[in-house]
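>>> Mind folding the following:
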Amino acid sequence: MLIKCEPMVCMSEVSAAVLPLGVAPQVLPELDDLTVGGVINGNGLEGSSHLFGLFSDTCVAYELVLADGSLVRATADNEYSDLFHAVPWSHGSIGLLVGAEFRLTPVKEYMKVTYSPVTGTLDDIASHYLESYRLPQNDYEEKVPDFVETMIFNDTNAVITTGRYASREEATRKGNVINEIGWWYKPWFHTHVATALKRGKFIEYVPAREYHHRHTRSLYWEGALIVPMGNHPLFRFFLGWLMPPKVSLLKLTMTNSLRNYYEQRHACQDMLIPSRKVVDCLKFCHDNFETYPLWLCPHRLPKKRMGTMLDCEPEYEKDMQWGDTEEAQMWTDVGIWTVPLPVLRNEVWDGVEATKSMEKWLRDNGSYQCLYAVVEQSEEEFWQMFDRTLYDAVRKKYGAEGNFMSVYYKISKSKKGQAYSSAPTSLKKLQ
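Here you go, the predicted model:
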């Protein structure tokens, strides 16, 4: 089953429309205000990405307005197949995305959620995380979860959260606990998850739509920086319905001085890494950022081998790990979003240098930086990280050069003047 919508439709609107029909997008990023166009042109993944990949991997067609004003429909097997494969991560630098079609999957009314605490070293945490999405080896093993994510609360404690769709009949059976986490007065989800560190492993049933958008009210854990008292019981009860604040409005009203302070004293990055390098990445993050919680989310990365910006590791098939197949390699999103502990301890910590160090680590380890975040690397370093083969070919073929800013200048802090040019007459008419 497919759904077609415009790029400015947000995730909350998609889920509200389709979940009552018993279906959901194969990948439904958690935050309400994320848009379809944003998670295609940029990056979008969710706890189901270990099964379906990135959001763009679930798309079957894009409608785009090209530089000459023509409207085309690109699919994986039509005359615009090169355009179809080049759009993800292009950030609108190839054409204007005006429509998308993506796959839906059958779902049930509830999510059976299991919270499993892990205590030990970062090696131990990584080992348990890798086992959380292990594919079944025979008919007697429990099937792989529908959702998987891990929150690491410090360098010795983490909670692995797995979810499996469950029917209303199952959820309401005597003895089962139903937790409607979406109410405004409920504790923020990550703090609820952290209770497993004290109470031990537990299971509950959460309404499916509330689980899909579980991180919205607190913006994962960034909400505590914006509204420090936001998770206080009194605030939640009387004003919790106001959460979350609109991030787009906050960015619009942010001054340059505040933005510079934010970049120097705060970390907000996502690292896409091969899952076999999770241990090394966690140790790097601890040594260079020391930011907790950390978010781990596994995702399939389909093997393309056609010069797309992202692709699997070369020859990963010779040493396949858990979850790897001949068609896709298992990767992990490592989310770093908070104030580093050195800053809270009033120690010297340079956010710019930490970001540059992270970017170098990613380049050296064949990994990727998500481009919504602050990018400090040079254009040459950027294209060492990403493959520009197909991207450059498509920009030249469809007239994007000279009409649309290149992706590096759209996402970096570099001077953008050289990347601008006058729009062609056809686009001016569209305006």
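>>> C-alpha only now, for contacts and for neighbours.
Fine.
>>> In the longest helix seen in the chain, which residues are buried?
The longest helix of the chain (DSSP state H) is helix 351-364. Of all the residues in helix 351-364, those buried under the rule 16 or more other Cα atoms under 10 Å are Gly351, Val352, Ala354, Thr355, Ser357, Met358, Glu359, Lys360, Leu362, Arg363.
>>> do stretch 93-113 as well
Buried residues in stretch 93-113, counted by 16+ other Cα under 10 Å: 93-104, 107-113.
>>> Quick one: mean pLDDT over the longest helix of the chain.
The average pLDDT within helix 351-364 is 96.
>>> So which elements touch that helix?
For helix 351-364, the elements it packs on are helix 256-265, strand 267-274, strand 368-369, helix 379-385, judged by 3 or more Cα pairs under 8 Å, 6 or more residues apart in numbering; DSSP states H and E.
>>> out of the ones you listed, nearest to Gly69?
Nearest to Gly69 among the helices and strands packed on helix 351-364 is helix 379-385 (28.5 Å), distances taken as Cα to Cα.
>>> Please save the CA atoms from the closest one in PDB.
What follows is helix 379-385, C-alpha atoms only, in PDB (Å, rounded to 0.1, in the frame of the first residue of the first chain):
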ATOM      1  CA  GLU A 379      34.100  21.600   0.900                       C
ATOM      2  CA  GLU A 380      37.000  19.300   0.000                       C
ATOM      3  CA  GLU A 381      36.600  17.400   3.300                       C
ATOM      4  CA  PHE A 382      32.800  17.200   2.700                       C
ATOM      5  CA  TRP A 383      33.200  15.400  -0.600                       C
ATOM      6  CA  GLN A 384      35.700  13.100   1.000                       C
ATOM      7  CA  MET A 385      32.900  11.900   3.300                       C
END
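>>> who touches the helix or strand hosting Val39?
Val39 is part of helix 36-41, with elements assigned from DSSP states H and E. Here helix 36-41 makes contact (Cα atoms under 8 Å, 6 or more residues apart in numbering) with 6-11, 44-45, 55-56, 87-92, 97, 100.
>>> Can you tell me which of the residues you listed are buried?
So, by 16+ other Cα under 10 Å, the buried ones in the contacts of helix 36-41 are 6-7, 9-11, 44-45, 55-56, 87-92, 97, 100.
>>> Which ones among the residues you listed map onto strands?
For those, the ones inside strands are Leu97, Ala100, with DSSP state E as the criterion.
>>> related to what we said a few turns ago, can you redo the helices and strands packed on helix 351-364 as CSV with mean neighbour count, distance to Val407 and mean pLDDT?
Output for the helices and strands packed on helix 351-364, formatted as CSV (neighbours: other Cα atoms under 10 Å; distance: least, Cα to Cα, whole Å; pLDDT from 0 to 100):
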stretch, mean neighbour count, distance to Val407, mean pLDDT
helix 256-265, 13, 21, 82
strand 267-274, 22, 18, 96
strand 368-369, 22, 13, 98
helix 379-385, 15, 10, 97
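>>> Just tell me which of those ends up closest to Ala16.
Closest approach to Ala16 among the helices and strands packed on helix 351-364 is made by strand 267-274 (27.4 Å; Cα to Cα).
>>> Using CSV, write out the CA atom coordinates for the closest one.
Extracted in CSV, the C-alpha atoms of strand 267-274 (Å, rounded to 0.1, in the frame of the first residue of the first chain):
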residue,chain,number,x,y,z
ALA,A,267,26.4,19.5,20.9
CYS,A,268,23.7,18.5,18.3
GLN,A,269,24.9,16.0,15.8
ASP,A,270,23.9,12.6,14.3
MET,A,271,26.5,10.2,13.2
LEU,A,272,25.6,7.4,10.8
ILE,A,273,28.2,4.6,11.2
PRO,A,274,28.5,0.9,10.3
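>>> Run through who's touching it.
Under the contact criterion Cα under 8 Å, 6+ apart, strand 267-274 has outside partners 289, 291, 313, 329-340, 351, 362, 365-370, 373-374.
>>> who touches Ala373 in this structure?
Ala373 neighbours (Cα under 8 Å, 6+ apart): Cys268, Gln269, Asp270.
>>> now the angle from the host helix or strand of Arg300 to strand 267-274?
Element membership for Arg300 (DSSP H and E) is strand 294-302. Relative orientation of strand 294-302 versus strand 267-274 (axes from the mean of the first three to the mean of the last three Cα atoms, to 10 degrees): 40 degrees.
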